[in-house]
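Student: Prediction below, plus the sequence it came from.
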Amino acid sequence: MIYRTISAGEIIAKIYRDLGNTIQIADWEQDALEWIGEALEHIGAGVQLEKKQDSLTISSFRALLPTDLVQLIDVFYSASVTQTTETAYTSEITIAGTNGDLVIGINGTDYSETFSSDLTTTAENFITSHATALAAAGFTATSADEVITLVCLDLDDTITLTDSSTGDMSYTESATAAILTVGSAQKYALNRSSGTLHGGIATTIRDDEPEFTGESYVLNPDYIHTSFETGYLFITYMGLPVDANGIPLVPDDMSYREAFFWYILKMLMMRGWKHPTGMDWTFANSQWQRYCTQARNAANMPDIGQYDQFLKSWVKLVPTPMKRESFFEEHDLRNPNWTYGNSDYSV
């Protein structure tokens, strides 16, 4: 079992350190990210994914699935959701500096304020200048000391900031993701449909479909189709982890790092690159095969907790009461002359 991850960018950085400037193939770093993805698929261990959650808005009986979804675990439906300012996407912006203009780019639009007196006054002036415009853009804005707080009014909206401040003005952000409160109406898990024609596709004949029982969903490429025309889905799924720059995260394990290293090297050799020591593709491929197997074994090796789960799962398969424990309970009734122990044993 592997518990930690590192950015795929660190794998590429290792190749730079190990091989220096010997790789004269243009833009090979972009290709290396793709090759790391291919190597992950070849290794094929569940530890490479992370469990994620997301909310989807249903429109016209369908919703777009997350782009990083690999395996769907559970689907939960609600006809409505609510969100208060306490549970909305919130961005706390802490400003700093003593002169110049504070320029905060919010979702592509710049909002500026010149430093005045102190940071508290500058933050207050920023709210006074831009509260109306920010409200029109879908945000509430407040300030306390040197902190400006933005809250999204739209359920599906988030905040992306860019800093274009002048002088020594700057800021840092602390963001809190939105939390949706599920409505009380029609709140339950959905079943995956076994019908040949899904109820959400043609509602006029749903009562005539013999295999349709209750509300459900079907999966198609990129979309999940539901028997509801509108509403919200809350899903749990296994997805691909990424770092803050959108670069994939990979298991932090020596066997994985070596496997990536040799896979990238053999792919570079297929592009015509020659190793400075004369190492050929056959050797690189054999090393990749070796560490690919090691990485898969390292990832799939259970820890103590997983061993315990495995034990409990198998114990549940044993009939209760267990045969070994109940075998002698009525032994005297079947063998009335039997005497326990060896006291009356004779040859």
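Tutor: Everything's here; your move.

Student: so residue 62 makes contact with residue 222?
Tutor: No - contact criterion CB atoms under 8 Å: residue 62 and residue 222 do not qualify, at 9.6 Å. Using the backbone N, CA and C atoms, a C-beta is placed for each residue, glycine as well.

Student: more crowded one of those two?
Tutor: residue 62 (20 against 10; other CB atoms under 10 Å).

Student: Tell me the pLDDT of that one.
Tutor: Note for residue 62: predicted pLDDT of 89.

Student: Identify the residues contacting it.
Tutor: 200, 223, 224, 225, 226 (CB atoms under 8 Å, 6 or more residues apart in numbering).

Student: what two of those residues are the furthest from one another?
Tutor: Pairwise distances across those peak at 11.3 Å for 200 and 223 (criterion: CB to CB).

Student: which of the two has more neighbours?
Tutor: Each of residue 200 and residue 223 has its neighbours counted (other CB under 10 Å); residue 200 has more, 21 against 14.

Student: what's the pLDDT at the more buried one?
Tutor: 60.

Student: any idea of the mean pLDDT in stretch 101-115?
Tutor: For stretch 101-115, the per-residue pLDDT averages 92.

Student: same question, stretch 237-257
Tutor: 81.

Student: What distance do you get for the nearest residue to residue 72 once chain neighbours are set aside to residue 217?
Tutor: Among residues not flanking residue 72 along the chain, residue 237 sits closest, at 5.0 Å (CB to CB, 6 or more residues apart in numbering). Relative to residue 217, residue 237 is positioned 13 Å away (CB to CB, to the nearest Å).

Student: could you pull out the helices for this structure?
Tutor: 8-19, 28-43, 119-136, 254-270, 281-300, 304-315, 323-326, 331-334 (DSSP state H).

Student: Return the most buried member of these.
Tutor: helix 254-270 (a mean of 21; mean count of other CB atoms under 10 Å).

Student: Quick check: which helices or strands does that helix pack against?
Tutor: helix 8-19, helix 28-43, helix 281-300 (3 or more CB pairs under 8 Å, 6 or more residues apart in numbering; DSSP states H and E).

Student: again, only using 6 Å
Tutor: helix 28-43, helix 281-300 (3 or more CB pairs under 6 Å, 6 or more residues apart in numbering; DSSP states H and E).

Student: tell me which of the contacts of residue 62 is nearest to residue 296?
Tutor: Of the contacts of residue 62, the one sitting nearest to residue 296 (CB to CB) turns out to be residue 224, at 30.5 Å.

Student: The closest one contacts residue 218, doesn't it?
Tutor: No - the criterion here is CB atoms under 6 Å, and residue 224 misses it with residue 218 at 7.6 Å.

Student: Low-confidence regions, the chain specifically.
Tutor: 1, 46-47, 83-86, 155-156, 183-189, 194-214, 244, 307, 314-347 (pLDDT under 70).

Student: Repeat the analysis, applying 80 as the threshold.
Tutor: 1-3, 20-21, 44-49, 80-87, 154-157, 177-215, 240, 242-248, 299-347 (pLDDT under 80).

Student: for the most centrally placed residue in it, what are its contacts?
Tutor: Nearest to the geometric centre of the chain sits residue 52, at 3.9 Å (CA atoms, centre = their mean). Neighbour list for residue 52: 237, 239 [criterion: CB atoms under 6 Å, 6 or more residues apart in numbering].

Student: Name the residues linked to it by a beta bridge.
Tutor: When assigned by DSSP bridges, residue 52 has beta-bridge partners residue 237.

Student: From residue 5, how far off is it?
Tutor: Taking CB to CB, one finds residue 52 at 14 Å from residue 5.

Student: Ok, residue 243 next?
Tutor: 9 Å.

Student: Are there residues contacting both of the two? Which ones?
Tutor: With CB under 6 Å, 6+ apart as the test, residue 243 and residue 5 both reach residue 249.

Student: Looking at these two now, which is surrounded by more residues?
Tutor: More crowded of residue 243 and residue 5, by other CB under 10 Å: residue 5, with 19 against 14.

Student: That one and residue 249 touch, don't they?
Tutor: Yes - assessed by CB under 6 Å, residue 5 is found in contact with residue 249 at 4.0 Å.

Student: Now for the two: what residues contact both?
Tutor: Common neighbours of residue 5 and residue 249 (CB under 6 Å, 6+ apart) are residue 241.

Student: where exactly do the strands run in the stretch 151-300 of the chain?
Tutor: For the stretch 151-300 of the chain, applying DSSP state E, counting those that start in this stretch gives strands covering 161-163, 170-176, 181-182, 188-189, 191-192, 216-220, 223-226, 231-239, 249-251.
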